[in-house]
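Student: Predicted model follows, preceded by the sequence.
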Amino acid sequence: MSQHSGGMGQTAPIVIAGGGIGGLACALALAQRQFPVLLLEQAHEFGEIGLGLQVAPNALHVLDALGVGDQARHQALLIERMRLCDGVTGEQILDIACDESFRQRYGNPYAVAHRADIHGALLQACRALPHIMLRNSARVAGYINTEHGVTVQLADGSQLQAAALIGADGVHSAIRRQMLDDGPPRGCGALIYRASIPAAQMPRQHQHPWPTLWVGPGAHIIYYPVRDWSMFNFGATVVTGQTEADESSDAAPAEALAHFPDWVEAPLTVMRVPAAFKRYVIRQREPVERWCDGAVTLLGDAAHAMVQYIAQGAAMALEDALCLARAAEEVRSQQTHSGANQAGSGGHALFDTAFALYQQRRLPRATRVQLSAFAMDTLLHARGPARLARNDIFAGRSQAENLARLDWLYAPQNYVTI
Ligand SMILES: Cc1cc2nc3c(=O)[nH]c(=O)nc-3n(C[C@H](O)[C@H](O)[C@H](O)COP(=O)(O)OP(=O)(O)OC[C@H]3O[C@@H](n4cnc5c(N)ncnc54)[C@H](O)[C@@H]3O)c2cc1C
């Protein structure tokens with residue numbers, strides 16, 4: 001396919017590279033505004049690697065705006081609290097109630113879900129829309145900005161014409177490589193050991209309707225139920241200084257447990273359950289000042305991959321998606337009224353302007369979240385006296401203060417609510 005008629009003076013589709021949560025959400029948001037979309041995914045099938053996903057109120061706001069919020073909430077667990085415990089002493093150091101006042105304050109609850117359920121809700125909604133074409137086994141290799149749009153180059157040597165190109169192709173983004181040439185994503189010096197634990201094997205005293213987060217010197221552990229409590233998502237993050245390793249490899253329990261010699265028994269009881277772990281290097285991107293090159297832009301991890309310490313990467317990809325589609329709608333409307341961008345421009349001027357607006361609106365917030373996530377390394381993984389200071393800081397905070405500190409992150413952004 002090289003042409004796709006979409007009306008509004010646009011003769012070629014917007015091509016999205018990557019069918020993860022960000023790419024699918026963007027396809028949906030654009031198609032709901034009558035922009036024709038062709039989404040290219042390199043994998044043979046659409047799907048999500050990994051297990052659990054925390055879906056913060058700001059992510060739910062976007063899912064609501066995309067019309068899939070109810071389905072996401074239905075399949076998710078709406079958590080009762082966020083609990084932080086010290087892995088050295090076992091004491092609870094923070095407990096934020098996610099009660100009615102939390103929900104009212106942010107306009108949504110905090111949920112935990114299976115990744116595939118959130119991804120699946122977006123995929124199903126995309127499949128139902130005639131403006132979206134989804135194509136698998138299609139790896140985007142590069143692009144050429146042209147007078148009328150973008151020539152998208154595929155790894156199999158073929159090319160297609162697009163009105164615009166959105167690189168939602170994740171942390172190893174090929175579009176970013178060409179646009180910014182800033183090298184491969186940096187390992188942040190930490191590994192994560194992940195596993196799923198069937199509910200029947202999960203110690204009963206650890207089966208709670210909330211994520212339990214244990215923090216200790218150079219490491220943290222989190223677990224929470226997913227899929228109607230049929231299984232628990234488990235992750236143990238360890239700061240090793242190691243920045244390079246296989247993208248994903250199997251690890252024996254003994255290897256993972258060796259990082260927690262001085263920890264209290266409670267979290268280790270859970271950690272001893274899995275017969276094997278998957279080990280990943282945690283990667284991130286340095287914030288950059290530019291995500292656009294004419295009618296080409298970046299979205300989600302391709303633009304601002306971050307460490308998972310505040311569980312916001314997918315939430316930021318969702319916010320990007322909606323913001324980008326609204327910017328495109330806004331610019332199209334302005335151009336229609338001013339008589340600009342009539343048929344023949346191929347939408348090029350429209351997307352140049354829309355992507356610049358999207359970048360202007362999104363870059364400061366995404367960068368703030370990226371930096372805040374990495375700053376959590378200091379708090380979560382504190383050692384020695386810094387650990388005691390961290391516990392003291394949290395102990396002195398009221399529920400009202402804890403909530404106030406989260407307002408900037410969880411409250412809906414204006415490009416979500418309009
Ligand atoms: C351990 C861990 C825990 C996390 N927990 C949370 C959490 O609780 N909450 C949260 O909000 N975020 C969390 N995140 C972050 C979140 O997973 C990511 O930020 C999010 O998945 C990014 O979505 P994306 O669509 O931008 O990229 P991806 O999900 O990486 O999707 C990119 C897609 O593009 C495809 N692709 C790649 N290259 C090409 C190409 N050249 N051509 C075509 N297709 C291509 C890939 O196959 C993939 O399908 C976590 C991350 C990690 C590592």
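Tutor: Good, I have the coordinates.
Student: near the ligand, which residues of the protein show up?
Tutor: 17-23, 40-43, 53-54, 59, 139-140, 168-170, 174, 192, 235, 300-301, 308, 311-315, 317 (C-beta under 6 Å from any ligand atom). Backbone N, C-alpha and C define where each C-beta goes, glycine included.
Student: Sort out for me which of the residues you listed are in helices.
Tutor: I21, G22, G23, A59, A174, D301, G313, A314, A315, A317 (DSSP state H).
Student: Please name the residues that touch the fifth one.
Tutor: Okay, so that is A174. A17, R139, V140, A141, G142, G167 (C-beta atoms under 8 Å, 6 or more residues apart in numbering).
Student: tell me the phi and psi of the second one?
Tutor: With angles defined as degrees, to the nearest 10, R139 sits at phi -100, psi 120.
Student: Please report the distance of the nearest residue to L268 once chain neighbours are set aside from T353.
Tutor: Spatial nearest neighbour of L268, chain neighbours left out: F260 (6.2 Å); criterion: C-beta to C-beta, 6 or more residues apart in numbering. The spacing between F260 and T353, counted by C-beta to C-beta, to the nearest Å, is 52 Å.
Student: same deal with F374?
Tutor: The value you get for F374 to T353, if C-beta to C-beta is used, is 32 Å.
Student: Which one of the two is surrounded by more residues?
Tutor: Set F374 next to T353 and count neighbours by other C-beta atoms under 10 Å: T353 wins out with 20 against 17.
Student: dump the residue contacts of the more buried one.
Tutor: V331, Q335.
Student: Return, as residue ranges, the portions of this structure with sub-threshold pLDDT.
Tutor: Residues of the chain meeting the criterion pLDDT under 70: 1-10, 245-247, 340-348.
Student: now for the helix or strand hosting Q153, which elements pack on it?
Tutor: Here Q153 is covered by strand 150-154, with elements defined by DSSP states H and E. In terms of contacts (3 or more C-beta pairs under 8 Å, 6 or more residues apart in numbering; DSSP states H and E), strand 150-154 is packed against strand 14-17, strand 140-145, strand 159-162, strand 164-167.
Student: quick one, which of those is nearest to L66?
Tutor: With C-beta to C-beta as the measure, strand 14-17 is the member of these nearest L66 (14.6 Å).
Student: for the longest strand anywhere in the chain, packing partners?
Tutor: Under DSSP state E, the strand in the chain containing the largest number of residues is strand 186-198. With contacts taken as 3+ C-beta pairs under 8 Å, 6+ apart, strand 186-198 sits against strand 231-239, strand 277-284, helix 348-380.
Student: need the next SSE after the second one, C-terminal direction.
Tutor: Counting by DSSP H and E, the next helix or strand C-terminal to strand 277-284 is strand 292-293.
Student: Please apply the same query to the longest one.
Tutor: Sequence-wise, the next helix or strand beyond helix 348-380 is helix 384-395, with elements assigned using DSSP H and E.
Student: Helix or strand next in line after that following helix, which one?
Tutor: helix 399-410.
Student: before we move on, the earlier item: so which of the contacts of A174 is the closest to E80?
Tutor: Each of the contacts of A174 was scored against E80 by C-beta to C-beta, and G167 proved nearest at 38.2 Å.
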